[in-house]
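In: starting from these lines, generate the structure:
(2 chains)
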2 protein chains.
Amino acid sequence: IADRDPTLIRQLLAPLHPADIADLIEQLSWDQQRLLAELDASLLTGEVLAEIGYDTRAGLFDLLETQQIVDALDGLDSDDKTMVVEELEPDVREAVLAAVSAEDREHLEASLAFEEETAGRLMQREFVAAPQFWTVGHTIDHMRLAGEELPDLFFEVFIVDEGFRPIGAVPVSRLMRSQRETPLSELMELAKITIRPEDDQEDAAYLFEKYHLISAPVVDDSGRLKGMLTVDDIVDVIQEENKEDLLALAGVNEAGLADTVWESVKSRAPWLLVNLGTAVLASLVIALFDQAIAQLVALAVLMPIVASMGGNAGTQSLAVAVRALATRDLTGANSLRFVWREAAAGLVNGVIFAVIMGIIAAVWFQEPDLGWVIAVAMVINLAIAGLAGVLVPLGLKHFGADPAVASSVFVTTVTDVVGFVVFLGLGALVLL
Amino acid sequence: IADRDPTLIRQLLAPLHPADIADLIEQLSWDQQRLLAELDASLLTGEVLAEIGYDTRAGLFDLLETQQIVDALDGLDSDDKTMVVEELEPDVREAVLAAVSAEDREHLEASLAFEEETAGRLMQREFVAAPQFWTVGHTIDHMRLAGEELPDLFFEVFIVDEGFRPIGAVPVSRLMRSQRETPLSELMELAKITIRPEDDQEDAAYLFEKYHLISAPVVDDSGRLKGMLTVDDIVDVIQEENKEDLLALAGVNEAGLADTVWESVKSRAPWLLVNLGTAVLASLVIALFDQAIAQLVALAVLMPIVASMGGNAGTQSLAVAVRALATRDLTGANSLRFVWREAAAGLVNGVIFAVIMGIIAAVWFQEPDLGWVIAVAMVINLAIAGLAGVLVPLGLKHFGADPAVASSVFVTTVTDVVGFVVFLGLGALVLL
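Out: Now for the predicted structure:
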């Protein structure tokens, strides 16, 4: 498609939603993206850039002039502006900040002063607020006058007191179906939730999810209304946090679609290194029993089964626990019950698979005692696996760490070491 | 708290949001929940029941009379009613359907006629629609008259043609800030997205996320507007689908907080059984080399390292691929590039860890050739792991299966078998 005809491209893209244009650009190879930016940078409007994945966007920024970025920013809401500007290289960011309007610069600098992944970075500075003694008619007239200054989309009018502190909110739909003379105070729902700019975006997302919020007020230290969060940004946060959890469980630090081979290697090598360490540890355990293995090779043949079943059972408990922690279903109050259930489930599964595997091993090697040894090792390892699968993430959380990161390495180390020690130890005792 | 004083409980719960009451009830033990339902079932309003997790809710339904459930349903929006009713046991559901109003019954039966996890089940039958020639003033007047009949919350007025087909939508906030005489046709955004009731809820969620939708029209076969989906329901869908992916990767079929030990065992045993099968397969591979192991126990000591590193690298690629498939970043167009990158990243990591592990093995066992053998086995296994991590989920998707389910078992089977065959095979060839 990109055979150097900008008008044709423009015609083709015209009827599409910015999100679709962004998808198309992401699918282009790097050279095609460069060609596109050279041919007609104005295709890369702010709306399209905001929809492009952040890794592709970083590449595109390198191709654009400062002025082109500044033009693209124009027309975006303040939260999208922040998102785009925070990703720029420091020197480009300086240049862009110098080129935007004084008001935008002030807002952007204030937003960037908050830490990454906080509500302050996500919040939109445009919102609609009214005092509670206004009537529906008064509020609508006021909005009609304000017109273009209002945010592009909003779902609630925040009700503020004399100190500009939010005391409630009226959904726009309720405003719309009420009589003009009704005072806002009659329609308003009391503000139970306010978010502070330094709150973690994950905590904000949890509140949105729990209370089915569409928008929420953000207040500063003195309680003054400074901005709002809206559910469309929160949907992105939820997806991002879920992605982080899933990747962290698998031992990947970060992953973008446009990552190069080298970036992929860097994001995975650290956990592979940790895994190598724990695998060597497990091997040292095996080496303790090298005499036993030399005498009875069946031990070497069967030992990976005990370790693998333990690792799997542990990962199952771990996934359930990490998920329950992320959705705040697992709390201090019910953690004991949860730990007990996981240990018990591990034990029951241990007994089931001990019977199956004990019979297989006894028949395979014509040695009933070997069946008993692997059966006992399985029961112990699967019960420990269930326990470790919950205690490791709970422990990490207790010490303030992310329960998803690193926990699967810890759990499989436990199940490997326990599995090898119990199976080989019992084997050496009973069979030799 | 539950020392049998319903008025006290009522006082304590009064200022709380239904979602908070639901949380408190979930934290109670089963006996406490029973006591609460006996003392004062009217505490369990529809709003509270709708917020409770579905497994706890199922238990509560057993405690309630049909009439109590019917009362609780009253006042819920049609989508929440459907959610509650679809979970009832068949006979209770019949009784409830018989007891509700004729209109509700018709709606509920229509919703339940759609398959589970489709847009039809999620959709709300209350919505606001207007013809495009209406003006802002006319629309607002109409809504004021309709008053209570309108849905509790809505974010867009759908614009319909003579056949009641949606042709666009006007956000309520835009309606609010426009002059009374403006016709809706000037404010409307053309409807680019319509959802059909039989669409999978995951597909609907994807559209909401991609286009940052707040609500979307649902149309029947003839294109007539039948209902709407709203973003708060979609947030729940996103969380549910993410949970399913994460649990599926870990080999858990389903997990609820209130699951009993027995339910937990049932949800995990099937995948443990599959894992046992593949672990036995890997053991059969090891058994092929029992002579070599008996002569050189170092092979048995080191072999789990090769398998474990391969399994880890494979899981990393798998998590990245499953996530990219879930967010539709991985498509037919770029899958070749993706496969190539994962294989290359596996190969590079393979080389890195081959060098490290080769040196460790050579020094540990004072045998340079052993170092070479494990190094070559690592390179091959990690490259294969990267490849399998992408090809397995892509293959499952190609054949219409869920790419998250079962894929981690397949991938670790590949890395176990390849790891053992290459390492033990090379070891037998070179070292004996």
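
In: what helix or strand does the nearest residue to A:M176 once chain neighbours are set aside sit in?
Out: Nearest residue to A:M176 in three dimensions, chain neighbours excluded: B:M143, at 5.3 Å (CB to CB, 6 or more residues apart in numbering or on different chains). C-beta: built from backbone N, CA, C; applies to glycine. Mapping B:M143 onto the secondary structure by DSSP states H and E places it in helix B:136-146.

In: any idea how far B:D31 is from the residue nearest the centre of chain A?
Out: Among the residues of chain A, the smallest C-alpha distance to the mean C-alpha position (CA atoms, centre = their mean) belongs to A:E241, namely 1.1 Å. Noted for A:E241: a distance of 35 Å to B:D31, by CB to CB, to the nearest Å.

In: so what secondary structure elements neighbour the one helix or strand A:R337 maps to?
Out: Using DSSP H and E, A:R337 sits in helix A:335-364. Here helix A:335-364 touches helix A:297-326, helix A:368-398, helix B:261-287, going by 3 or more CB pairs under 8 Å, 6 or more residues apart in numbering or on different chains; DSSP states H and E.

In: let me see the contact set for the residue nearest to A:M176.
Out: When the contact criterion is CB atoms under 8 Å, 6 or more residues apart in numbering or on different chains, the partners of B:M143 are A:M176, A:R177, B:V128, B:L150.

In: ok, now A:A375?
Out: The neighbours of A:A375, taking CB under 8 Å, 6+ apart as the test, are A:A354, A:V355, A:M357, A:G358, A:A361.

In: okay, now the unreliable bits of the stretch 251-400 of chain A?
Out: Where the stretch 251-400 of chain A drops to pLDDT under 70, the residues are A:257-258.

In: A:I9 and A:L35 touch, don't they?
Out: No - in this structure A:I9 lies outside contact range of A:L35 using CB atoms under 8 Å: 10.2 Å.

In: tell me the secondary structure for A:E181?
Out: Per DSSP: H, G, I helix; E, B strand; the rest coil, the local secondary structure of A:E181 is coil.

In: compute the number of surrounding residues for the residue in the stretch 301-432 of chain A positioned nearest to chain B.
Out: Chain B sits closest to A:A319 of the stretch 301-432 of chain A, with a gap of 3.4 Å, by CB to the nearest CB. Using other CB atoms under 10 Å in any protein chain shown, A:A319 is surrounded by 27 other residues.

In: contacting residues around the closest residue to it other than its chain neighbours?
Out: Once flanking residues are discounted, A:A319 sits nearest to B:A250: 3.4 Å by CB to CB, 6+ apart. Contacts for B:A250 were tallied using CB under 8 Å, 6+ apart; they are A:L249, A:T315, A:Q316, A:L318, A:A319, A:V320, B:S408.

In: what comes up buried for the strand or helix carrying A:V421?
Out: A:V421 is part of helix A:407-431 when elements are defined by DSSP H and E. Within helix A:407-431, the residues scored as buried using 16 or more other CB atoms under 10 Å in any protein chain shown are A:407-428, A:431.

In: re the thing from before, do you know the pLDDT at the residue nearest to A:A319?
Out: Turning to B:A250, the model gives it a pLDDT of 86.

In: before we move on, what about A:R4?
Out: Looking at A:R4, its pLDDT is 65.

In: the one 4 residues further on now?
Out: A:L8 is assigned a pLDDT of 76 by the prediction.

In: try A:I1
Out: A:I1 is assigned a predicted lDDT (pLDDT) of 54.

In: again, but for A:E86
Out: pLDDT recorded at A:E86 is 82.

In: repeat for A:Q132
Out: 87.

In: so what's the residue count around it?
Out: Neighbours of A:Q132 under the rule other CB under 10 Å: 16.

In: tell me which element the closest residue to it other than its chain neighbours is part of?
Out: When the adjacent residues along the chain are set aside, A:Q132 lies closest to A:S185, with 4.1 Å between them (CB to CB, 6+ apart). Taking DSSP H and E as the definition, one finds A:S185 inside helix A:184-187.

In: export that helix as CSV, just CAs?
Out: This file holds the C-alpha atoms of helix A:184-187, laid out as CSV (Å, rounded to 0.1, in the frame of the first residue of the first chain):
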residue,chain,number,x,y,z
LEU,A,184,-28.5,19.6,42.4
SER,A,185,-28.4,18.8,46.1
GLU,A,186,-31.5,16.6,45.6
LEU,A,187,-30.0,14.6,42.8
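
In: that older thread, quick check, the residue of the stretch 301-432 of chain A closest to chain B in contact with B:D245.
Out: No - the pair A:A319 and B:D245 fails to qualify as a contact (CB under 8 Å) at a distance of 10.2 Å.

In: averaged pLDDT, stretch A:418-432. What do you get?
Out: Across stretch A:418-432, the average pLDDT comes to 94.

In: would you list the phi and psi of the nearest residue to A:A113 once chain neighbours are set aside?
Out: Counting by CB to CB, 6+ apart, the nearest residue to A:A113 once its immediate chain neighbours are dropped is A:G120, at 7.6 Å. For A:G120, the backbone dihedrals are phi -60, psi -40 (criterion: degrees, to the nearest 10).

In: residue contacts, A:G120?
Out: The neighbours of A:G120, taking CB under 8 Å, 6+ apart as the test, are A:S111, A:A113, A:F114, A:P197, A:E198, A:V218.

In: tell me which element A:V218 is part of?
Out: Using DSSP H and E, A:V218 falls within strand A:215-219.

In: packing partners of that strand?
Out: Secondary structure elements in contact with strand A:215-219, counted by 3+ CB pairs under 8 Å, 6+ apart, are strand A:166-171, helix A:201-211, strand A:225-230.

In: so which of the contacts of A:A375 wins on neighbours?
Out: Neighbours here are counted as other CB under 10 Å. On that basis the top member of the contacts of A:A375 is A:A361, with 25 neighbours.

In: my guess is it contacts A:L299. True?
Out: No - the pair A:A361 / A:L299 is not scored as a contact, 10.4 Å apart, by CB under 8 Å.

In: picking that back up, can you list the buried residues in the strand holding A:V218?
Out: Those would be A:S215, A:A216, A:P217, A:V218, A:V219, for strand A:215-219 by 16+ other CB under 10 Å.

In: list the contacts of the last one.
Out: The neighbourhood of A:V219, defined by CB under 8 Å, 6+ apart, consists of A:R165, A:P166, A:T194, A:I195, A:R196, A:L225, A:K226.

In: which members of these are the farthest-apart pair?
Out: A:R165 and A:I195 (13.6 Å; CB to CB).

In: give me the more crowded residue out of these two.
Out: Higher neighbour count among A:R165 and A:I195: A:I195, with 24 against 18, using other CB under 10 Å.

In: ok, the more buried one touching A:Y206?
Out: No - between A:I195 and A:Y206 there is no contact under CB under 8 Å: 10.8 Å.

In: quick revisit: what about chain B: which of the buried residues of helix A:407-431 touch it?
Out: With CB under 8 Å from any CB of the partner chain as the criterion, the buried residues of helix A:407-431 include A:T412, A:D416 near chain B.

In: is there proximity between stretch A:309-316 and chain B?
Out: Yes - Stretch A:309-316 lies within reach of chain B by CB under 8 Å from any CB, at A:M309, A:N312, A:A313, A:T315, A:Q316.
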